[in-house]
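Asks: structure for the following, please:
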Amino acid sequence: MGNIFHGSGGHDLDLTNGGTEVFVEVLMLAVSELAREPWDFRFAALLTLQDQHVMGRGVVGFGLAELDWGATRQARAAAKGFVLRVLDLSLTRHRWEELGYEPARVEEYLRTYRSMVEEFDPEGAADGAGPPSGVLPGLHEAAMASCVRHRVLAGLPFWAACVFCTAGR
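Replies: Below is the predicted model of the structure:
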């Protein structure tokens, strides 16, 4: 079993369960550093929902077109810019020394996903066939709490742990 993160135009990132775990962990390190705006914390909450130790193996993933990128062109551009900054920070190996392992192939996953986000047009998604599916947690579900031990945003209000705690790290 694996997990799929859908882009546009048939471009997907298909990951093994282990690949998904490391992908989410390195993204959580970066998103926790950069989140400042409400949409950022909603995206962080979406990443916490990709935690296979809670959700189950082989059942996570989402499509970029499923996200609520915002109601205005400016909001959509800001949201896309935030995701690209998260990916760029991840690619600098931000805090990877704290992982306790060498994350094999994750740079390839990050580059692939960055290309998918770069190519994705949130304007086209907003003008598409209906509203986003609600995959992105709402503002009241945004990941605003931080795990003191791991210094990353935690899964509250969904569960009281971060992706590192649920993995037993």
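Asks: list the contacts for the residue nearest in space to the middle of the chain?
Replies: For the chain, Leu47 is the residue whose C-alpha lies nearest the centre (CA atoms, centre = their mean; 3.9 Å). By CB atoms under 8 Å, 6 or more residues apart in numbering, the residues touching Leu47 are Val24, Leu27, Met28, Val31, Ala143, Val163. All C-beta atoms are positioned from the backbone trio N, CA, C, and that covers glycine.
Asks: which of those residues fall in helices?
Replies: Val24, Leu27, Met28, Val31, Val163 (DSSP state H).
Asks: how about the residue lying closest to the last one once chain neighbours are set aside, what does it touch?
Replies: The spatial neighbour of Val163 that comes closest, neighbours along the chain excluded (CB to CB, 6 or more residues apart in numbering), is Asp51 at 4.8 Å. Counting by CB under 8 Å, 6+ apart, Asp51 makes contact with Val24, Val60, Gly155, Val163, Thr166.
Asks: distance check, the fourth one against Asp121.
Replies: Per CB to CB, to the nearest Å, Val163 is found 29 Å from Asp121.
Asks: so these two - more neighbours on which side?
Replies: Legend: neighbour count by other CB atoms under 10 Å for Val163 and Asp121, higher for Val163 (26 against 16).
Asks: how near is the more buried one to Ala143?
Replies: 11 Å.
Asks: now list whatever residues contact both of the two.
Replies: Going by CB under 8 Å, 6+ apart, residues that sit against Val163 and also against Ala143 are Leu47, Thr48, Gly155.
Asks: so which of these are in strands?
Replies: Among the shared contacts of Val163 and Ala143, DSSP state E puts none in strands.
Asks: let me know how buried His140 is, in neighbour terms.
Replies: 7.
Asks: so it lies in a strand, does it not?
Replies: No: counting by DSSP: H, G, I helix; E, B strand; the rest coil, His140 is not part of a strand but helix.
Asks: and the ones in helices among the contacts of Leu47, which two are furthest apart?
Replies: With CB to CB as the measure, no two of these lie farther apart than Val31 and Val163, at 10.7 Å.
Asks: how about the strands in the protein?
Replies: Using DSSP E, strands in the chain cover 2-6, 12-16, 146-147, 152-153.
Asks: please identify the deepest-packed of these.
Replies: Of the strands of the chain, the one with the most neighbours on average (mean count of other CB atoms under 10 Å) is strand 152-153, at a mean of 26.
Asks: could you name the helices and strands sitting against that strand?
Replies: When contacts are defined as 3 or more CB pairs under 8 Å, 6 or more residues apart in numbering; DSSP states H and E, strand 152-153 packs onto helix 17-34, helix 38-48, strand 146-147.
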